[in-house]
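Visitor: One predicted model, sequence on top.
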Amino acid sequence: MTLEEKQIEIVEEFEVYDDWMDKYEYIIELGKELPIISEENKTEDKLIEGCQSRVWLHSEVKDGKMQFSADSDAIITKGIIGLLIRVMNNESPETIATANLHFIADIGLQEHLSPTRANGLASMVQRLKMSALKAI
Amino acid sequence: MVEEKIKVPFDVEQIRRQFPTLSQQVYGKDLIYLDNGATSQKPQVVIDAIAKYYSEDNSNIHRGVHHLSQVATEQYENARSTIQRYINAPLLEEVLFTAGTTAGINMIAFSFGETLKEGDEIIISAMEHHSNIVPWQMLCERKKCILKIIPINQKGELKMDVFESFLSEKTKLVSVTHISNTLGTINPIKEIIDQSHQVGAKVIIDGAQSIQHMKIDVQELDCDFFIFSGHKVFGPTGVGIVYGKKEILDTLPPYQGGGDMIAKVTFEKTTYNVLPHKFEAGTPNISGGICLGTAFEFLAEQDLNAIAKHEHHLAKFAEEEILKIEGARIIGTAQNKTSVVSFVIDGLHPFDIGTLLDKQGIAVRTGHHCTQPLMDFFEIPGTIRASFAFYNTMEEVEIFIKALKRSVGMLR
Ligand SMILES: Cc1ncc(COP(=O)(O)O)c(C=O)c1O
C-alpha cells in the first residue's frame, strides 16, 4: 500500500463515525493498542516536550525503509501518533520527507497538529520529517 | 462617602441573557463555559460600549483641542473615576491604566526595583502565577536582591509562620496573590499587609482572580498596590489597572518613556508629568479603558454576596460529585476558597480529559495554569480546572459531571 493509499484507508475508517465522541473512542482504542516504545529508547534526546503532553519518538532505517516507534503520556496524543506511524512506517525517507499528510485534516483532527495545541504533535511531525531528511 | 447603589436581585437566567457568547453551540452541543479563571465572557453593555466607541467617539486622548478628542478623553477619565470609586481608592491619580496584570507587575517590579539595592529582600509565595514570579527573578538578577518564597501546605494554604519568620528590616516588598488561579485559595492578605507594614515593607496584591468575585476596598486593605486585568472582570482584553498609593508612586521613577508621561522635553533635560500620566506613556488602550469602566458600572449593580453564594454552591456541588469518581483528587482544599475546582484523576492525563470534555461542549482549562512550581509541589503534570462564574448554572455543573464521567469511562 502506498502512503497515499494508507491515508485514504484511514479517512474511510473514520467516515463511519459522525459523532465526535465516537471518533475519539476509536482514537483512544488505537492509543491503547500502540506498541509502546522500548524503555531504552525513552531517553531525553527522544523526548518532545509539549506544554501539556509529552511525546517520545524513535526512528531508524531498515533496508532503506523508515521504522518509527513512539509514545506519549496522553492517550489521545498516542492514538494520533499511532495513525501517523501507520502512514509513515515502511516508507522510504524520500517519500516521508515529501509526504503531504492531509488525512489528519480530512478526519477533522487538524487542531491536534496546530503548534499552539502544545501537545508535542506538531513538533513530532517535524521531527519525523527531519529524521527522514537525514536518512536520504 | 461611597454611595450605595441599588443592587439588582440575583437571577442567573437574567444574567445569562446579557452574555451573548454563552448561548451558542460547539460541536453541536450547548457551550458550557467553565474557564472563567482564564478569562470572563463579556456582557452586552461592554460589547455595545466597544462598538459605540469605535463608531462614534474614536479619537486620541489628552492631546486634541477638537471635539472628539475631548469626548474620548472625558470618557476615559470617567472610566478611571468609576474604577476609583469601585475599589475605593482615595485619589483618582492613584488609578493607573496598564495593559493587564502582567504589565502592571512588570511596571512596579521595574520602577520600585530601581529603588532597591543589593541584599534587599522580596517575598512572594509558592502559589504565584508566573507573572508574579518571573519579573521578581529578573529584578533580583538585575539588582542582586534576594527572593524568598512563602511555602504552602498540602491543602494549598500559605504557611504563615514561615512568612512571619521571613520578615525583617531587609524586606522591602511582599507580592502575593489574593486568590490562587490554580487552587482557588483565598489568602489572608489583610494579615500579610499588616505584618509587612510593621517591618516597613510595601505590599503588592495580585488581584487578577479576586476583583471579579469579591468587593475590593483598597483603603480597608491598606495595600500599597493592587493590580488586576480587565478581561477577567467582564471587561476587554489588553487593559488592566494598577492601584498604587500616591505617596509611593510619587517617589518612583517612571517605567516607560514617551508621549503623555512628560512635562517638558528638551535634549538637555526632560521633566516628567504628574500622576497618573507619569506611568502612562504613549497612546493607551483607549477603548479598553473606557469599556473597562462600563464593566465596572455593570459589576457595581450586581449583588456580590448573592453571587458569592451561588458560585460557592456550584463549586461545592462540583467538588462533591468529582470526588465520587474513582481515583479523583481535588488539588487545593484550603479552608477559605473561591469557585475554582482543580482536580486530577489517577492514571489519566488532564489533556485527554480536557479534549473529551471539549468535544462535549465543555470548556475547562488543563495543564499547569502558569504555575509550574505549584505543579512540582504537588508532583503532578497539571490539573483539570473548572472555574465558575455567576452566569454558570447548577444544570451546567450536572452536565459537566456527566460528561466527565463519560470521559473517564472512555479513557479507562
Ligand atoms: C493570579 C493571576 N495573576 C496574574 C495573571 C496574569 O494576568 P494577565 O495574563 O491578564 O496579565 C493571571 C491570569 O491568568 C492570574 O490568574
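Guide: Cool, the structure landed.
Visitor: CA only for contacts and neighbour counts going forward, please
Guide: Will do.
Visitor: my guess is B:Leu404 meets B:Ile353, correct?
Guide: Yes. Proximity of B:Leu404 to B:Ile353 meets the contact threshold set by CA atoms under 8 Å, at 7.4 Å.
Visitor: out of those two, which sits in the busier spot?
Guide: B:Ile353 (27 against 20; other CA atoms under 10 Å in any protein chain shown).
Visitor: ranges for the helices of chain A?
Guide: Using DSSP state H, the helices of chain A run over residues A:3-15, A:20-33, A:75-88, A:93-97, A:103-106, A:121-135.
Visitor: by contact count, what packs against the second one?
Guide: It stands for helix A:20-33. Based on contacts counted as 3 or more CA pairs under 8 Å, 6 or more residues apart in numbering or on different chains; DSSP states H and E, the elements that helix A:20-33 packs against are helix A:75-88, helix B:350-359, helix B:394-411.
Visitor: for the fifth one, same thing?
Guide: Using 3+ CA pairs under 8 Å, 6+ apart, the elements in contact with helix A:103-106 are helix A:3-15.
Visitor: Buried residues of the helix it packs on, list them for me.
Guide: Within helix A:3-15, the residues that qualify as buried are A:Leu3, A:Lys6, A:Gln7, A:Ile8, A:Ile10, A:Val11, A:Phe14, counting by 16 or more other CA atoms under 10 Å in any protein chain shown.
Visitor: Apart from its chain neighbours, what residue comes closest to the first one?
Guide: Leaving aside its sequence neighbours, A:Leu3 sits nearest to A:Val87 (CA to CA, 6 or more residues apart in numbering or on different chains; 5.8 Å).
Visitor: burial count for that neighbour?
Guide: As a burial measure, the neighbour count of A:Val87 was computed by other CA under 10 Å and equals 24.
Visitor: With A:Glu111 instead?
Guide: Neighbours of A:Glu111 under the rule other CA under 10 Å: 12.
Visitor: again, but for B:Thr270
Guide: Tallying neighbours of B:Thr270 according to other CA under 10 Å, which is how burial is gauged here, yields 11.
Visitor: Just confirm B:Leu68 contacts B:Ser59, I think it does.
Guide: Yes. Using CA under 8 Å, B:Leu68 is in contact with B:Ser59, at 5.8 Å.
Visitor: Got the confidence number for the residue in the stretch 201-350 of chain B that chain A sits nearest to?
Guide: Across the stretch 201-350 of chain B, no residue is closer to chain A than B:His349, which sits at 5.4 Å (CA to the nearest CA). At B:His349, the model reports a pLDDT of 94.
Visitor: do the one 10 residues further on as well
Guide: Reading off the confidence values, B:Lys359 has pLDDT 95.
Visitor: per-residue pLDDT, the spatially closest residue to B:Lys172 that is not a sequence neighbour?
Guide: For B:Lys172, ignoring the flanking residues on the chain, the nearest one in space by CA to CA, 6+ apart is B:Ala201 at 4.4 Å. Predicted confidence (pLDDT) at B:Ala201: the value is 98.
Visitor: count of neighbours near B:Ala201?
Guide: Other residues near B:Ala201 number 22, with proximity taken as other CA under 10 Å.
Visitor: Pretty sure it sits against B:Thr171.
Guide: Yes. Contact between B:Ala201 and B:Thr171 holds when scored by CA under 8 Å: they sit 5.6 Å apart.
Visitor: for chain A, what are the nearby residues on the stretch 51-200 of chain B?
Guide: With the criterion set to CA under 8 Å from any CA of the partner chain, the stretch 51-200 of chain B never comes near chain A.
Visitor: Could I get the full set of strands for the stretch 51-200 of chain B?
Guide: B:95-98, B:121-125, B:146-150, B:171-177 (DSSP state E, counting those that start in this stretch).
Visitor: Quick one, which of those strands gets closest to A:Tyr24.
Guide: Checking the strands of the stretch 51-200 of chain B against A:Tyr24 by CA to CA gives strand B:171-177 as the closest, at 38.3 Å.
Visitor: Is chain B within reach of stretch A:73-81?
Guide: Yes. Legend: contact between stretch A:73-81 and chain B by CA under 8 Å from any CA is shown at A:Asp73, A:Ala74, A:Ile75, A:Ile76, A:Thr77.
Visitor: Make TSV out of those and add neighbour count and pLDDT.
Guide: What follows is these, written out as TSV (neighbours: other CA atoms under 10 Å in any protein chain shown; pLDDT from 0 to 100):
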residue	neighbour count	pLDDT
A:Asp73	17	88
A:Ala74	23	90
A:Ile75	24	93
A:Ile76	29	92
A:Thr77	24	89
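Visitor: so where is chain A shaky, pLDDT-wise?
Guide: Within chain A, the stretches falling below the threshold (pLDDT under 70) are A:36, A:50-51, A:116-119.
Visitor: Tell me the residue of the stretch 101-250 of chain B that sits nearest chain A?
Guide: In the stretch 101-250 of chain B, the residue that lies nearest chain A is B:His130 (14.4 Å; CA to the nearest CA).
Visitor: circling back to that earlier point, adding distance to the ligand, write the buried residues of helix A:3-15 out as TSV.
Guide: Conversion of those to TSV gives the following (distance: CA to the nearest ligand atom, whole Å):
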residue	distance to the ligand
A:Leu3	43
A:Lys6	43
A:Gln7	40
A:Ile8	42
A:Ile10	39
A:Val11	39
A:Phe14	37
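Visitor: Contact partners for the residue nearest to A:Leu3?
Guide: A:Leu3, A:Lys6, A:Gln7 (CA atoms under 8 Å, 6 or more residues apart in numbering or on different chains).
Visitor: Quick one: neighbours of B:Arg412, just the number.
Guide: Close neighbours of B:Arg412, defined as other CA under 10 Å, add up to 9.
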